[in-house]
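Participant: only geometry, no sequence info:
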Ligand SMILES: [Zn+2]
Ligand SMILES: [Zn+2]
């Protein structure tokens with residue numbers, strides 16, 4: 001090999017080595033991601049007269065879980081938790097409407113999990129019993145929340161990590177949980193539609209901004225709404241009527 005070519009060959013070799021190293025690291029982190037998701041269980045229970053979706057999201061490898069929006073039928077939810085054999089560490093509330101929080105008290109008593117909510121929905125959390133009565137339903141007293149959720153907070157269930165997105169509009173303190181390929185949306189986005197904004201604290205302008213933010217998430221993200229069937233960001237970009245309102 002001529003002396004002139006040698007440095008070129010060496011530097012090409014060095015570049016290839018670095019590329020292989022990077023790809024190796026990338027593949028490795030990807031497989032870690034995949035194995036974590038493989039152990040993820042998402043169980044949906046439509047509860048109560050308004051068929052509100054309660055989600056149990058668990059890391060089956062270490063049997064740790066969070067429950068999102070335990071709205072009603074506590075016995076059914078507790079039964080499902082026992083069948084999965086998981087420990088519930090957090091009860092996350094997407095917002096404080098009564099149909100999403102009716103089983104919070106029983107769940108807290110049964111599991112000892114911390115109850116988390118956005119501060120801006122604390123007032124309606126306090127009024128939820130009256131709100132339920134107004135619609136003709138009865139509800140147990142609610143426990144004091146153990147902590148407040150804010151945009152950017154991380155919620156963990158074993159090796160699973162979810163990010164809190166503050167998405168006001170349906171209510172001032174509405175949040176979504178995003179991570180591990182899923183987005184739990186409460187009443188912010190449904191398949192084909194969005195939550196109403198005519199309740200106290202609702203704002204169509206805020207909902208527009210929240211919707212714009214959510215629809216920018218990766219298209220393959222699975223959307224798990226507070227009522228009705230699951231969907232994806234890709235499908236909502238194509239079919240949600242609210243795309244024409246933003
Ligand atoms: Zn609601
Ligand atoms: Zn609802």
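Facilitator: All right, it came through fine. Only a predicted model underlies this, so the values are computations on that prediction, with no experimental measurement involved. Ligands and ions are numbered 1, 2, ... in the order given.
Participant: The most centrally placed residue in the chain in helix, strand or coil?
Facilitator: When CA atoms, centre = their mean is applied to the chain, the residue found nearest the centroid is residue 177 (2.5 Å). Following DSSP: H, G, I helix; E, B strand; the rest coil, residue 177 is assigned to strand.
Participant: what number of residues lie near the residue nearest to residue 193 when sequence neighbours are not counted?
Facilitator: Using CB to CB, 6 or more residues apart in numbering and skipping the chain neighbours, the partner closest in space to residue 193 is residue 241 (6.1 Å). Where C-beta positions appear, they are placed from N, C-alpha and C, glycine not excepted. Around residue 241 there are 10 other residues, counting by other CB atoms under 10 Å.
Participant: can you list the residues of the chain near ligand 1?
Facilitator: 97, 187 (CB under 5 Å from the ion).
Participant: how about a cut-off of 8 Å?
Facilitator: 95, 97, 99-100, 170-171, 174, 186-187, 195-196, 199, 226 (CB under 8 Å from the ion).
Participant: which parts of this protein sit against ligand 2?
Facilitator: 50, 52, 71, 95, 97, 99-100, 186-187, 195, 226-227.
Participant: from what I can see the residue nearest to residue 193 touches residue 190, true?
Facilitator: No - applying CB atoms under 8 Å as the test, residue 241 and residue 190 come out as separate, 10.5 Å apart.
Participant: ok, which pair from the residues of the chain next to ligand 2 is furthest apart?
Facilitator: Greatest spatial distance among these (CB to CB): 71 and 195, at 14.4 Å.
Participant: got the buried residues for stretch 129-139?
Facilitator: 129, 131-132, 137, 139 (16 or more other CB atoms under 10 Å).
Participant: Which of these fall within helices?
Facilitator: 129, 131-132 (DSSP state H).
Participant: quick one on the thing from earlier: ok, the residue nearest to the centre of the chain - contacts?
Facilitator: Residues near residue 177 by CB atoms under 8 Å, 6 or more residues apart in numbering: 68, 92, 94, 155, 162-165, 183-184.
Participant: how about these in TSV, adding pLDDT and secondary structure?
Facilitator: What follows is the contacts of residue 177, written out as TSV (pLDDT from 0 to 100; DSSP: H, G, I helix; E, B strand; the rest coil):
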residue	pLDDT	secondary structure
68	99	strand
92	99	strand
94	98	coil
155	98	strand
162	98	strand
163	98	strand
164	99	strand
165	99	strand
183	98	strand
184	99	strand
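Participant: Include neighbour count and distance to residue 121 when you put these into CSV, please.
Facilitator: Formatted as CSV, the contacts of residue 177 follow (neighbours: other CB atoms under 10 Å; distance: CB to CB, whole Å):
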residue, neighbour count, distance to residue 121
68, 29, 14
92, 25, 12
94, 32, 9
155, 20, 16
162, 23, 18
163, 15, 18
164, 21, 13
165, 23, 14
183, 28, 19
184, 27, 15
